[in-house]
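In: Kindly generate the corresponding structure for this input.
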Amino acid sequence: MPRLLASYNLALKRRPVLTPCVTGAVLFALGDVLAQQGVERKGLQHDLVRTTRLGFYGGAMFSPLALNWFKLLERIPIKNKHALAASKVAADQGIFAPFAVGMFFSVTTLLEGKGTKEVQEKLQNSYVPTLTKNWMLFVPFQAINMSVIPLQHRLLAVNIVSLFWNTYLSIVANQPAAQAPVSAQKVAEKAL
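Out: Predicted coordinates for the structure are as follows:
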């Protein structure tokens, strides 16, 4: 593991934007593979286009935005480290998370070739339950991430934790619009 982190750090130094974007693409795609194989049990019926869509979203959409978002959060002018971490988490989960969840459902629905009506349906049915589950996972995680993890590794930490979150997102994104989002508990039960 130390060698892997050293290799990542070297790649990050050489390509500070490309490295986290490629990492995000791989981990988003892997989250979809886990969704399709571990939960949905698709076997040979695996939808490679869906996996590619999720990888594209993770690498080209989410990761560049999150990378710049973390840099912006570093500019919050609070001296007390506990208050600073709390402020970063509040901003992250109060501003970025609602935007990112909405962007995820909007972009992935459009990438499927669907229109704005389907985007509205997906948002209406999945946005609030997904954002609530996001807060349950990422408020505590980001409290640790913002206070302990160095800036250059925060997106990597988020992407690693997001592997399982992306599995959940992939399942919710690929449910019919009229269907209520699957619970995280059901995802875990199906995976076992």
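
In: Tell me where the model's unsure across the protein.
Out: Scanning the chain with the threshold set as pLDDT under 70 gives 177-192.

In: Nearest residue to the most centrally placed residue in it in space, ignoring adjacent ones along the chain?
Out: The chain has Ser162 as the residue nearest its centroid, 5.0 Å off, counting by Cα atoms, centre = their mean. What sits nearest to Ser162 in space, not counting adjacent residues and going by Cβ to Cβ, 6 or more residues apart in numbering, is Leu27, at 6.4 Å. Placement of C-beta: from N, CA and C, glycine included.

In: all helices of this structure, in order?
Out: 2-14, 18-33, 48-56, 63-73, 81-91, 97-111, 116-148, 151-173, 184-191 (DSSP state H).

In: Need the contact partners of stretch 1-21.
Out: Contacts of stretch 1-21 with the rest of the structure, by Cβ atoms under 8 Å, 6 or more residues apart in numbering, involve Thr23, Gly59, Ala60, Ser63, Pro64, Leu67, Gln152, Leu155, Leu156, Asn159.

In: isn't Ala25 right up against Gly59?
Out: Yes. Under the criterion of Cβ atoms under 8 Å, Ala25 makes contact with Gly59 at 2.7 Å.

In: What are the buried residues along stretch 118-138?
Out: 118-119, 121-123, 125-127, 130-131, 133-135, 138 (16 or more other Cβ atoms under 10 Å).

In: Same list (the residues you listed) but as TSV, adding distance to Ile144.
Out: Converted to TSV, the buried residues of stretch 118-138 look like this (distance: Cβ to Cβ, whole Å):
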residue	distance to Ile144
Glu118	37
Val119	33
Glu121	36
Lys122	31
Leu123	30
Asn125	31
Ser126	27
Tyr127	26
Thr130	22
Leu131	20
Lys133	18
Asn134	16
Trp135	15
Phe138	10
